[in-house]
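Asker: Model the following, please.
(chains A and B)
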Amino acid sequence: MATTLAKAADGTGTATHAARIEHVSKSFAGPAGPQLVLDDISLDVAPGEFVTLLGASGCGKSTLLNLVAGLDRPSAGQITTDGRPALMFQEHALFPWLTAGKNIELALRLRGVPKSERRGKAEELLELVRLKGAYGKRVHELSGGMRQRVAMARALAQESGLLLMDEPFAALDAITRDVLHDELTRIWRETKLSVLFVTHNVREAVRLAERVVLLSSRPGRIARQWTVGIEHPRRIEDTEVAELSVEITEELRGEIRRHGQH
Amino acid sequence: MASTDTPPPTREAGDLAGLEAGLDALETQHSGRTPWRQTLTQKVLPPVVAVLLVLAVWQALISLKIVDDPTKLPAPADVWHVVRDAWLQGELLGYIWTSVSRGLSGFLMALVIGTPLGLLVARVRFVRAAIGPILSGLQSLPSVAWVPPAVIWLGLNNSMMYAVILLGAVPSIANGLVSGVDQVPPLFLRAGRTLGATGLKGTWHIVLPAALPGYVAGLKQGWAFAWRSLMAAEIIASYPDLGVGLGQLLENGRNASDMAMVFEAILLILVVGIAIDLLIFSPLERWVLRSRGLLVRG
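Answerer: Below you'll find the model as predicted:
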């Protein structure tokens, strides 16, 4: 385990930024001409930093994540990342024709890990997400929370310094989501990964992140940022988490209200 | 809490692991195998009852003299005697093997041609625009229509039979793969791309396995079309040198005005077609669907 994790940390050690987003804009073709979705976004994610992108619908947070993942190109500006980032989706996106273990091994294989090492590494990663016995399980045999943990293990298998997460826990029930918050925090602290986490859930953002970035909607602009200094382990019901959440929610509501005034 | 000396991180980790194990246990569903008695009453019994019912009606038509002309409708027993005699003379397996070996080798050729063709149509936009509609249109053309030109081009021989099988089965197989590829969820493609599966790697690791259910459905239909095309070819182009397959058997029965033999041939064509499907294609399809959790038991 230690070797896998140390290597992941090394990848980010050399670069000064896990991701650097410089004056990025993105517009899509709409019925009434091009529609600006992201407007002049500049954001750095430091190595080992946990940043959440928070915003209401239409703020382009998923679009921004796709741009960082390299799945789409910005209309203007530049994005540099340290290697190809790993990406987790709201749906687990595990391949149903492979077992949990083989899903992870595919990520290893595509990264060029020799065959003899794949099985051992996959089992290490499953152990990291506490699914030791799940190697031979099919995706449909796993619960929603277990699937997201396998998806996390598969993302970690890419040994990218940067993990992008697109509302990965939004479809889970509250109890499972809470447990996975703890799990993600634990893994982030153990692996020293950089995480860029998109959500519309203020408490989730505060509970997880070192820095919360609020995006305004239509077009998405960075409205405000907060540094979260609350000690880990955090709980969703902690007063400090609640207080900051109230403050951020007020700001978010203000942003949303502006759209009703036209 | 103040009385415990355990450092918080360890306690947290222990709590979390236990919590997670509990959640996993609560949310995992266990599914066992269906008991054999249930399989018997739900899967085996209904078709047996249906067949017995058809036989009973058939026998009733004869016994009650509703149809009283053996050249129009032979009795079930007469058909059974013809089948039994063919078996005892050692000819029955010969008929079946002639047709089945033709059908399966024709199908394998269709597989070898249809698969890359389907992939090409699915993945290359120009090819799809050019021949996609023709390929789906060909499925609605009865393959018996190909028999006369095939006889003229190739003569009365096995090549002509294979040509007709190919024209019947290739479009089904190719179309199955095309619809399989079309139905691959875009999420899988995105997930594959972030893992580094692009281009040919993406096709091999993501697109093809994701398209497998559609492809297998195409194979199943391809076999049905291959078998139907072959029977049409054998009936129309029956020629002694080609050996007697099931289609020729039917044609021979007609020429001899032997209705029992005609029924024998029809029965065998049906049984063999169903048997190949039950022995090869249905298990293949079930395996693919079940391993992906797409088959609801019950």
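Asker: How confident was the prediction at residue 231?
Answerer: Going with chain A. The model reports A:Glu231 with a pLDDT of 85.
Asker: please go with chain B instead
Answerer: Reported pLDDT for B:Met231: 92.
Asker: you'd agree it is up against B:Ile269?
Answerer: Yes - counting by Cβ atoms under 8 Å, B:Met231 does reach B:Ile269; the two are 5.7 Å apart. The way it works is simple: take the backbone N, C-alpha and C, and place the C-beta from them, glycine included.
Asker: and A:Glu22, what does it touch?
Answerer: A:42, A:77-80 (Cβ atoms under 8 Å, 6 or more residues apart in numbering or on different chains).
Asker: could you redo the last one with a cut-off of 10 Å?
Answerer: Going by Cβ atoms under 10 Å, 6 or more residues apart in numbering or on different chains, A:Glu22 touches A:40-44, A:74, A:76-80.
Asker: re earlier: need the overlap of contacts for B:Met231 and B:Ile269.
Answerer: Common neighbours of B:Met231 and B:Ile269 (Cβ under 10 Å, 6+ apart) are B:99, B:245-247, B:250.
Asker: follow-up on the earlier one: from the contacts of A:Glu22, which is closest to B:Ala256?
Answerer: A:Pro74 (79.0 Å; Cβ to Cβ).
Asker: count of neighbours near the closest one?
Answerer: 20 (other Cβ atoms under 10 Å in any protein chain shown).
Asker: what does A:Gln90 give?
Answerer: Neighbour tally, A:Gln90, other Cβ under 10 Å: 17.
Asker: how about it, secondary structure?
Answerer: coil (DSSP: H, G, I helix; E, B strand; the rest coil).
Asker: That one and A:Ala107: what is the separation?
Answerer: According to Cβ to Cβ, to the nearest Å, A:Gln90 stands 19 Å off from A:Ala107.
Asker: my read: B:Leu141 touches B:Leu167, true?
Answerer: Yes - under the contact definition of Cβ atoms under 10 Å, B:Leu141 touches B:Leu167, with a separation of 8.4 Å.
Asker: okay, these two: which has more neighbours?
Answerer: B:Leu167 (21 against 12).
Asker: quick one: contacts for the more buried one?
Answerer: Here B:Leu167 is in contact with B:110, B:138, B:141, B:143, B:145-147, B:149-150, B:225-226, B:229 (criterion: Cβ under 10 Å, 6+ apart).
Asker: Can you flag which of those residues belong to helices?
Answerer: Among the contacts of B:Leu167, the members falling in helices are B:110, B:138, B:147, B:149-150, B:225-226, B:229 (criterion: DSSP state H).
Asker: Next, format the residues you listed as TSV and append distance to chain A.
Answerer: As requested, those are arranged in TSV below (distance: Cβ to the nearest Cβ, whole Å):
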residue	distance to chain A
B:Ala110	24
B:Leu138	30
B:Val147	40
B:Pro149	41
B:Ala150	39
B:Phe225	26
B:Ala226	26
B:Ser229	31
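Asker: Spell out the secondary structure type for B:Leu45.
Answerer: Classification of B:Leu45 by three-state DSSP places it in helix.
Asker: residues in contact with it?
Answerer: B:Leu45 neighbours (Cβ under 10 Å, 6+ apart): B:Thr39.
Asker: Looking at the contacts of A:Glu22, spot the one nearest A:Trp226.
Answerer: Once Cβ to Cβ is applied, the member of the contacts of A:Glu22 that ends up nearest A:Trp226 is A:Leu43, at 13.7 Å.
Asker: tally of neighbours for the residue lying closest to that closest one once chain neighbours are set aside?
Answerer: Leaving aside its chain neighbours, A:Leu43 sits nearest to A:Ile21 (4.5 Å; criterion: Cβ to Cβ, 6 or more residues apart in numbering or on different chains). By other Cβ under 10 Å, 23 other residues sit near A:Ile21.
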